[in-house]
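Undergrad: Just to be clear, the model below is a prediction. Sequence and coordinates:
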Amino acid sequence: MLDTAPYVFDGHNDLLSRLWGLGPEAISGVASGADGAIDLPKARAGGFGGGFFACYVSSPTGMDLSEMMALMDRPPYDIPLPDPMPATEALPIVLGQMAILFALEREGHLRVCR
């Protein structure tokens, strides 16, 4: 643990969508330091004080990742927006990500500011 107060505030992170995609066992991985962009041991060691945890729902684009990255590698660096996702499809994903956030809080790994 650091001797000083936390000093890093992450303005946007995709931890919840990553964990949601990995399944329920991923929560224990983030707590123990398993592979991940953010995990609790690294966050504490690095002085992570808080952040905005995004709830992200990926819209189907009809392109695979390599096609999308190729579009981003050349001007105008723009990918056309996909059609909006119906709320009936997006809501269960967002609620699942929020459930992960509150599970992390229940287990004492973080506190949610309300």
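TA: Great, that's in hand.
Undergrad: Okay, buried residues for the helix or strand of the chain with the lowest mean pLDDT please.
TA: Ranked by mean pLDDT, DSSP states H and E, the weakest helix or strand in the chain is helix 26-32, scoring a mean of 75. Neighbour counts over helix 26-32 (16 or more other CB atoms under 10 Å) mark A26, I27, V30, A31 as buried. In short, each C-beta sits where N, CA and C put it, glycine included.
Undergrad: For the last one, list the residues it contacts.
TA: Read that as A31. Listed by CB atoms under 8 Å, 6 or more residues apart in numbering, the contact partners of A31 are D39, L40, L104, E107, H109.
Undergrad: what's the closest of these to E89?
TA: L104 (24.7 Å; CB to CB).
Undergrad: How many residues are close by the closest one?
TA: Using other CB atoms under 10 Å, L104 is surrounded by 21 other residues.
Undergrad: so it touches M98, yeah?
TA: No. Shown here, L104 and M98 do not form a contact pair, counting by CB atoms under 8 Å, at 10.8 Å.
Undergrad: which phi and psi does T88 have?
TA: Dihedral angles of T88 (phi, psi; degrees, to the nearest 10) stand at phi -60, psi -20.
Undergrad: Next, find the distance separating it from I27.
TA: 26 Å (CB to CB, to the nearest Å).
Undergrad: ok, now A99?
TA: For A99, the distance to I27 - CB to CB - is 10 Å.
Undergrad: next one: S17
TA: Taking CB to CB, one finds S17 at 14 Å from I27.
Undergrad: Helices along the protein, start to end?
TA: All helices of the chain, identified by DSSP state H, fall at 15-22, 26-32, 40-45, 65-72, 87-106.
Undergrad: what stretches of the chain score poorly on pLDDT?
TA: Regions of the chain meeting the criterion pLDDT under 70 cover residues 1-6, 24, 33-37.
Undergrad: residues in contact with G51?
TA: Residues in contact with G51, defined by CB under 8 Å, 6+ apart, are F9, D10, G11, H12, N13.
Undergrad: who does the second one bridge with?
TA: The residues paired with D10 through beta bridges, assigned by DSSP bridges, are G51.
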